[in-house]
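In: Compute the structure for the input listed below.
(chains A and B)
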Amino acid sequence: MDEVLLRSLTPSVLGILVRRGADFAAAEDAVQDALVEAIRVWPADPPRDPKAWLVTVAWRKFLDATRTEAARRRREDLVDEEPAPGPATAVDDTLQLYFLCAHPSLTPSSAVALTLRAVGGLTTRQIAQAYLVPEATMAQRISRAKRTVASVRFDQPGDVATVLRVLYLVFNEGYSGDVDLAAEAIRLTRQLAAAIDHPEVAGLLALMLLHNARRASRTAPDGSLVPLAEQDRSRWDTASIAEGVEILQAALARDRLGEFQAQAAIAALHADAPTAEETDWVQIVEWYDELARLTDSPVVRLNRAVAVGEAEGPRAGLAALAALDDSLPRHTAVAAYLHERDGDLERAARLYVEAAEKAPNLAERAHLTRQAARLNARLRR
Amino acid sequence: MAKYLLLKHYRGAPAAVNDVPMDQWTPEEITAHVRYMDDFAARLQESGEFVEHQALTPGGTFVRYDGEGRPPVTDGPFAETKDLIAGWTVIDVDSYERALELAGELSAAPGAGGKPIHEWLEVRPFYPAPFTITE
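Out: From the prediction side, this is the model:
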C-alpha cells in the first residue's frame, strides 16, 4: 500500500468534497472512511485512477452518513448535483483547502493545526508531537477548528496573505520530531506556488528555502545558538540557496514587491556573502527601509537598527535604536551588541544580563548569558 | 515507583555554597553546566526514572478572581523576597532515598571554577493515584 500516494491524494479528495457542498467535518470523516476502504481493497484490486476511486467512495460515504430522515431533502439535492462519474478533473481543489484552513474566523494556532491536518495530510498524532502537546489536546484543537469552519460556505477565493501567514507560522515552529515542520511548510508552500501565480507566494517560498539552507549551521551539537557571523558557511545548503535566489529573482522581476519578497532579498544577501565581513550591509539597510515602508513593524525597525550598526558603525546603530520603544522584544540584546561593538564592554555586559532575563527561549537565554560571561571574563583580566 | 518533583528556584531557596551569578562564569563553565544537566536527564531516561523537565521564565504574576464581571486582580512582577521557581524535573523512582540521591546529584552541577554549585533544590512527593478498591 502506497502511503505516500494516499497522503498526497487526501487533500485534493477532501477539497473536491468540500467544493461539492459537504461541510468540512463531514467531508473529512468521509475521506477517512474512504482511505480505510482503500487500504482494504486496493492490494487485491488496484484502481486505474486512484484519485477518482477515492472521490467516488468518499462521496458515497458522505451520502451514507448524511442519510437520515432530517437530511433526506438535502441528500436528494446533493445526489442531483453529483457530477457524472469519470476521471477526476485536474483542477487543484487543494487550493480551496488552503483558503478554508486559513479562514479569518480561526485563531492562528487552529489555522496552523487544521492546515497541517487537511492540506498536509498529517495525522493528529504527528501534529501533536510536532507541537509537543498531548494528542488529546491537539485532537480537541482540530475538532474545534473544524466546527468553526463547518458553516463556512466556500465558493470564493480567500485572502492569499492570510494563507501565507499560516504557512510562515508553520515554518517558524520548525520542531523536528517525527515531523519536520519547516520541511512540511516548504512542501506545502511549493504546492501552493505551483497552484497560484502570485509573487508573494514565490517570495515566501524563496524566504523559507534561504532560511532553511542555513539551518544546520545555526546550532552547535550541544544545542547552543551559533550567531550568523560565526556560522560555518561551508555547511550551508548551496542547492537550496540557488533555488531560493532564482525563485526570488523571478518574483522581483514582476515588480509587485511585498514583505516576503523583501525579507527573502535580505536573506539572499546574507546567503550570498562568502564571509560575514563581505556581507553587503548597505544593500541590506535599503531592503529594511523597503520592509519598514511595507509593514511598519517595530521588529523590522529593530532589525534595521542592527543593519545600520553594521553598515555605518555602532554609533549610527545606537542612534537608530534610540528612536524605538525599549520594551520591544530583543531591544536590550541589540543594545548590548551595539555597545559591545562600540567598545563599552561594562555597559554591554550589564545589558546582556538584562537581555538574558527577558529571553524568549532557553537557547537564547543561554546564548546571552554566555555573551555576558565572555565580556565579564575579559573585564576581570 | 513514586513520583517526585525536584524544584529549582531563581529566588527563595537558601543561598548555594558556590553562589556565583551565571554571568560571572566563563563561557566554558556555562557550557559544562548545560552539558551536565543534559547528561543528567539522559541518564534518568536510560534508567527509566525520567518523567519530564521544564524551565520557567523569570517573569511571573499572581492572579486572583475579583468577583463577577470584574477583571482578575493581578500582582506582579514579584518583589525581591518572593519565592521564584526556575524550573523542575519530575522523576519516577523506587524510593524517597533515591529521590534525595538524584536531587543531590542535580545540585552538584558544575558552576563557577568548574566546582559544584551545591544549590538547594526542593524535593516534593506527588500524591499517588488512588488505590483501586475491589469489593
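In: Helices of chain B, residue ranges please.
Out: B:27-47, B:96-107 (DSSP state H).
In: packing partners for the longest one?
Out: In terms of contact count using 3 or more Cβ pairs under 8 Å, 6 or more residues apart in numbering or on different chains; DSSP states H and E, helix B:27-47 is assigned the packing partners helix A:362-380, strand B:50-55, strand B:84-93, helix B:96-107. No exception for glycine: its C-beta is placed from N, CA and C like everyone else's.
In: which ones are touching residue B:109?
Out: B:33, B:36-37, B:40, B:116-117, B:119 (Cβ atoms under 8 Å, 6 or more residues apart in numbering or on different chains).
In: What residue in chain B comes nearest to chain A?
Out: residue B:23 (3.7 Å; Cβ to the nearest Cβ).
In: residue ranges with poor pLDDT in chain B?
Out: B:76-81, B:135 (pLDDT under 70).
In: Show me what from it comes close to chain A.
Out: Within chain B, the positions adjacent to chain A are B:21-27, B:29-31, B:34-35, B:38, B:55, B:57-58 by Cβ under 8 Å from any Cβ of the partner chain.
In: And the buried ones among these, selectable in PyMOL?
Out: Remark: buried members of the residues of chain B next to chain A, expressed as a PyMOL selection using 16 or more other Cβ atoms under 10 Å in any protein chain shown:
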select buried, chain B and resi 22+23+24+25+26+27+29+30+31+34+58
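In: Need the max-distance pair from the residues of chain B next to chain A.
Out: B:26 and B:57 (24.7 Å; Cβ to Cβ).
In: And for the closest residue to chain B within the stretch 1-150 of chain A, nearest residue in space, chain neighbours not counted?
Out: The nearest approach of the stretch 1-150 of chain A to chain B comes at residue A:132, 10.5 Å away (Cβ to the nearest Cβ). Excluding the flanking residues, the one nearest residue A:132 by Cβ to Cβ, 6 or more residues apart in numbering or on different chains is residue A:175, at 6.9 Å.
In: quick revisit: look at the residue of the stretch 1-150 of chain A closest to chain B and say how many residues are nearby.
Out: Here the number of neighbours of residue A:132 (other Cβ atoms under 10 Å in any protein chain shown) works out to 9.
In: How about residue A:43?
Out: A count of nearby residues for residue A:43, using other Cβ under 10 Å, gives 9.
In: in which helix or strand would I find it?
Out: For residue A:43, there is no enclosing helix or strand under DSSP states H and E.
In: same thing with the one 10 residues further on?
Out: When secondary structure is defined by DSSP H and E, residue A:53 falls within helix A:50-65.
In: Check which residues of that helix are buried.
Out: Under 16+ other Cβ under 10 Å, the buried positions of helix A:50-65 are A:50-59, A:61-63, A:65.
In: which parts of stretch A:306-324 are buried?
Out: Of the residues in stretch A:306-324, A:306-311, A:314, A:316-318, A:320-321, A:324 count as buried by neighbour count, 16+ other Cβ under 10 Å.
In: Dump it to PDB, keeping only the CA atoms.
Out: Below are the C-alpha coordinates for stretch A:306-324, written out as PDB (Å, rounded to 0.1, in the frame of the first residue of the first chain):
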ATOM      1  CA  VAL A 306      21.300  46.200  13.700                       C
ATOM      2  CA  ALA A 307      21.900  46.500   9.900                       C
ATOM      3  CA  VAL A 308      22.600  50.200  10.200                       C
ATOM      4  CA  GLY A 309      25.100  49.400  13.000                       C
ATOM      5  CA  GLU A 310      26.900  47.100  10.600                       C
ATOM      6  CA  ALA A 311      26.700  49.400   7.600                       C
ATOM      7  CA  GLU A 312      27.500  52.700   9.300                       C
ATOM      8  CA  GLY A 313      29.100  51.800  12.600                       C
ATOM      9  CA  PRO A 314      27.700  51.100  16.100                       C
ATOM     10  CA  ARG A 315      27.000  54.700  16.900                       C
ATOM     11  CA  ALA A 316      24.700  55.000  14.000                       C
ATOM     12  CA  GLY A 317      23.000  51.800  15.000                       C
ATOM     13  CA  LEU A 318      22.500  53.000  18.600                       C
ATOM     14  CA  ALA A 319      21.000  56.300  17.200                       C
ATOM     15  CA  ALA A 320      18.500  54.200  15.100                       C
ATOM     16  CA  LEU A 321      17.800  52.100  18.200                       C
ATOM     17  CA  ALA A 322      17.200  55.200  20.400                       C
ATOM     18  CA  ALA A 323      14.200  56.000  18.200                       C
ATOM     19  CA  LEU A 324      12.500  52.700  19.100                       C
END
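In: Distance from it to the middle of the chain?
Out: In terms of Cα atoms, centre = their mean, to the nearest Å, the centre of stretch A:306-324 is set 30 Å apart from its chain centre.
In: mean confidence score for it?
Out: For stretch A:306-324, the mean per-residue pLDDT is 96.
In: how about residue B:126, what does it touch?
Out: Residue B:126 makes contact with B:2-5, B:90 under the criterion Cβ under 8 Å, 6+ apart.
In: Can you go through these and name the buried ones?
Out: Burial by neighbour count, judged by 16+ other Cβ under 10 Å, picks out B:3-5, B:90 from those.
In: from memory the residue of chain B closest to chain A sits against residue A:369, does it?
Out: Yes. Between residue B:23 and residue A:369 there is a contact at 5.7 Å, judged by Cβ atoms under 8 Å.
In: between the two, what contacts are shared?
Out: By the contact definition Cβ under 8 Å, 6+ apart, residue B:23 and residue A:369 are jointly contacted by A:352-353, A:356.
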